[in-house]
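Visitor: compute the structure for the input listed below.
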Amino acid sequence: MSHIYIYSPSSAVRDKAAFRRGVKRLQHLGHEVEIDEAALSSHMRFAGDDATRIAAIGRAAASGADVALISRGGYGLTRLLPELPYKQLAKAIGKGMQFVGLSDFTALQCALLAKTGAVTWAGPALGEDFGAEEPDDIMEACFDDLLDGHGEGAGWVLPKKDLPCLPTTVREDAPSLHLHKAQLWGGNLSVLCSLVGTPWVPDVKGGVLFLEDVNEHPYRIERQLTQLLHAGILGRQKLIVLGSFNRFKTVPHDRGFKLQTVVDWLRSQTRTPVLTGLPFGHVPTKVLLPVGREVAVMVQGREALMFWG
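Guide: From the prediction side, this is the model:
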């Protein structure tokens, strides 16, 4: 059994039913769930005003829980970055607390990594994941691995279109890629782009940058990737790994411009290898990823493995 602290650092929780289902699900799995006093607060679109949410983050760090889990993402953390209790957060992480979240949580993860080097986890949120009508088995298994200390890596099958983009070693039909000791970082593309030019972007060179997004049309995704490209961020990485980009619709004006168009264009602009298909983002099936930790990546054929154990 683990002690899980639920707090709301970003948008207000509107789906109270999903919130309750998530709490019950974690309790059913045998965990002790502690809910922050302001978890269901609401101030305009936020889960409380800025001071309320900063205090909630501080309470999460002081809770002594095994895991601090966000209720949801949305928007709001970039407003708080100058005032976050970085030393308190890093101290809690140093004592073994795991901070887990995604989406808007990318802002806190990047800022904390830039300021302190502390490792956090890109992973599920309470409502979207544990509060789903049928939570995903792989997501839950990865979360259990984190709690048990058994999480050592994540594997996935690359789309066939990735194969010609990998270096060929022994045979033409068996491209491979091997990276060692590369720092993993990234998260939500829109949030990361909003941090460019600020003190809260980690200065990672030779890293593995993973990216995902939701409700963003392919041309907007390309525009954001262009910003990272021209800022020099993509060229400094050893590897770019794209997760899920979903919940958008192409329109007749696109005339064939689609997400694969964006991926193909990106590959033409950088020497950094670009892999796709990472099971992470605003999708039910998601792995947990240690943001800020050194990882190794191995690809043989269509089998990809990222590990840190």
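
Visitor: what ranges do the strands span in this structure?
Guide: With DSSP state E, the ranges of strands along the chain come out as 3-7, 32-35, 67-70, 98-101, 120-122, 153-157, 176-188, 208-214, 239-246, 274-275, 289-291, 294-300, 303-307.

Visitor: and Arg45, how far from Gln269?
Guide: As judged by Cβ to Cβ, to the nearest Å, Arg45 and Gln269 stand 35 Å apart. Quick note: C-beta positions are derived from backbone N, CA and C, even for glycine.

Visitor: kindly report the same for Pro85.
Guide: Counting by Cβ to Cβ, the gap from Pro85 to Gln269 is 39 Å.

Visitor: follow-up on the earlier one: would CSV of the strands of the chain with mean neighbour count, distance to Leu225 and mean pLDDT be doable?
Guide: Shown next, in CSV, are the strands of the chain (neighbours: other Cβ atoms under 10 Å; distance: least, Cβ to Cβ, whole Å; pLDDT from 0 to 100):
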stretch, mean neighbour count, distance to Leu225, mean pLDDT
strand 3-7, 24, 31, 99
strand 32-35, 17, 38, 98
strand 67-70, 27, 26, 99
strand 98-101, 25, 23, 98
strand 120-122, 26, 19, 98
strand 153-157, 17, 21, 96
strand 176-188, 20, 12, 94
strand 208-214, 24, 8, 98
strand 239-246, 22, 9, 98
strand 274-275, 22, 10, 97
strand 289-291, 25, 19, 98
strand 294-300, 18, 20, 96
strand 303-307, 17, 20, 96
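
Visitor: do you know which of the ones you listed lies nearest Lys16?
Guide: strand 32-35 (12.1 Å; Cβ to Cβ).

Visitor: so what strands line up beside the closest one?
Guide: strand 3-7 (parallel) (DSSP bridges).

Visitor: what is the burial count for Arg59?
Guide: 16 (other Cβ atoms under 10 Å).

Visitor: residues contacting it?
Guide: Tyr7, Asp36, Glu37 (Cβ atoms under 8 Å, 6 or more residues apart in numbering).

Visitor: how about the second one, phi and psi?
Guide: Spelled out, it's Asp36. In terms of degrees, to the nearest 10, the main-chain angles of Asp36 are phi -60, psi 150.

Visitor: need the contact list for it.
Guide: Tyr5, Ile6, Tyr7, Ser8, Ala56, Arg59, Ala60.

Visitor: need the contact list for the last one.
Guide: Shown here is Ala60, whose contacts under the criterion Cβ under 8 Å, 6+ apart are Tyr5, Tyr7, Asp36, Ala68, Phe99.

Visitor: do the same with the second one
Guide: Ile6 makes contact with Gly22, Val23, Val33, Glu34, Ile35, Asp36, Ala39, Leu69, Ile70, Ser71, Leu126 under the criterion Cβ under 8 Å, 6+ apart.

Visitor: quick check: closest non-adjacent residue to it.
Guide: Using Cβ to Cβ, 6 or more residues apart in numbering and skipping residues adjacent in sequence, the residue nearest Ile6 is Ile35, 4.9 Å away.

Visitor: wait, the one you found sits on Val23?
Guide: Yes: when contacts are counted by Cβ atoms under 8 Å, Ile35 is listed as touching Val23 (6.9 Å).

Visitor: verify the stated contact: Gly301 with Pro175.
Guide: Yes: under the criterion of Cβ under 8 Å, Gly301 makes contact with Pro175 at 7.2 Å.

Visitor: right, I'll leave it there.
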